[in-house]
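Peer 1: The following comprises the amino acid sequence and a computationally predicted model.
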Amino acid sequence: MARFASNSGASTSAAAASAASFLPGASSDSSPLPAAFRAAAPTPTSSSTPTPSSSSTSAPFNIRSSQTNPVPRPTRGLRRPVHKYRLSVYSTRNNTILTLTTKIGTTSTSSSSLGSSNNYEDSSIQAIAEAAMTTDSVVGWVSAGSAGYKGASRGTYDAAVEVSIKMFNKIRQLVDPVNAPDAGMRKKNAWPQPTDIEVVWNGFGQGREAVFRTLMAGDGDGVRELVHRVTDATPLKVGGTRPKKRRVI
């Protein structure tokens with residue numbers, strides 16, 4: 001027991017001596033570093049020891065109060081309203097008819113308004129009115145007959161080109177009412193400015209290619225950029241009943 005106590009006491013004193021050698025005021029003789037390193041290393045003093053500043057005892061640092069001129073966050077621009085139009089091209093061997101339609105109103109308000117009404121009759125009347133507002137409304141139409149062609153000339157290529165130019169002028173008047181030429185649009189209805197146009201083809205007449213060529217040429221400038229979708233709605237007969245006897249001339 002005495003030997004164990006002496007050994008433990010010796011180890012404790014050695015640990016204390018080694019710990020004391022690293023203190024700021026310890027002598028250089030007890031340092032474990034070689035003499036060359038001890039001579040080159042600076043002796044630590046009380047002035048070099050970091051002390052807590054006076055500001056640390058005050059209130060904690062506030063990030064918001066320190067920002068005198070905060071940088072404003074960039075805000076996103078408002079989304080441009082989308083007004084969709086549909087240009088229907090009906091081309092047969094006898095005529096070419098172009099019709100411009102659009103939907104007025106939205107269907108998102110119909111469900112909320114119907115749920116809030118308590119009277120069934122009022123809700124049904126309101127539903128009919130909203131359905132009429134969300135259906136396709138005719139903005140304008142042009143045919144070969146209205147363009148001045150009569151008889152068999154209504155189904156020609158030139159008649160379809162003239163019809164296309166008249167319809168494109170009407171669309172330009174909707175886009176820019178001030179600078180566009182007067183195309184005979186009705187002034188009583190203020191149609192929204194078209195931002196998206198869908199072209200729907202129907203029929204295999206000469207006006208089909210004539211409208212396409214006119215749209216891709218210089219006469220289609222200002223309208224061609226608004227076309228975002230092209231659809232072919234020509235019905236194709238597959239099988240079915242016996243067709244009508246062809247006309248023999």
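Peer 2: Sure thing, it's come through.

Peer 1: elements contacting the helix or strand containing D158?
Peer 2: Applying DSSP states H and E as the criterion places D158 in helix 157-175. Here helix 157-175 touches strand 84-91, strand 96-103, strand 136-143, helix 206-216, going by 3 or more C-beta pairs under 8 Å, 6 or more residues apart in numbering; DSSP states H and E. C-beta: built from backbone N, CA, C; applies to glycine.

Peer 1: so which of these gets nearest I197?
Peer 2: Nearest of the helices and strands packed on helix 157-175 to I197, taken as C-beta to C-beta: strand 84-91 at 4.9 Å.

Peer 1: Return the list of helices and strands in contact with the closest one.
Peer 2: Short answer (3+ C-beta pairs under 8 Å, 6+ apart): strand 84-91 packs on strand 96-103, helix 157-175, strand 196-202, helix 206-216.

Peer 1: In a markdown table: the ones you listed, plus mean neighbour count.
Peer 2: Formatted as a markdown table, these follow (neighbours: other C-beta atoms under 10 Å):
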| stretch | mean neighbour count |
| --- | --- |
| strand 96-103 | 21 |
| helix 157-175 | 21 |
| strand 196-202 | 18 |
| helix 206-216 | 19 |
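
Peer 1: In a markdown table, list the ones you listed along with distance to A147 and mean pLDDT.
Peer 2: Compiled in a markdown table, the helices and strands packed on strand 84-91 are given as follows (distance: least, C-beta to C-beta, whole Å; pLDDT from 0 to 100):
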| stretch | distance to A147 | mean pLDDT |
| --- | --- | --- |
| strand 96-103 | 9 | 94 |
| helix 157-175 | 5 | 94 |
| strand 196-202 | 19 | 95 |
| helix 206-216 | 11 | 95 |
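
Peer 1: for these, which one sits closest to V138?
Peer 2: Nearest of these (C-beta to C-beta): strand 96-103, 5.5 Å.

Peer 1: what does stretch 193-209 rub up against?
Peer 2: With contacts defined as C-beta atoms under 8 Å, 6 or more residues apart in numbering, stretch 193-209 is touched by 80-96, 102, 144, 155-157, 159-160, 163, 171, 174-175, 215, 223, 226-234.

Peer 1: Please indicate which of the residues you listed are buried?
Peer 2: The neighbour count (16 or more other C-beta atoms under 10 Å) marks 83, 85-92, 95-96, 102, 144, 155-156, 159-160, 163, 171, 174, 215, 223, 226 as buried among the contacts of stretch 193-209.

Peer 1: can you put the helices and strands packed on strand 84-91 in CSV and add distance to G239?
Peer 2: Output for the helices and strands packed on strand 84-91, formatted as CSV (distance: least, C-beta to C-beta, whole Å):
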stretch, distance to G239
strand 96-103, 29
helix 157-175, 31
strand 196-202, 21
helix 206-216, 24
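
Peer 1: out of these, which comes closest to D136?
Peer 2: When those are compared by C-beta to C-beta, strand 96-103 sits nearest D136, at 4.1 Å.
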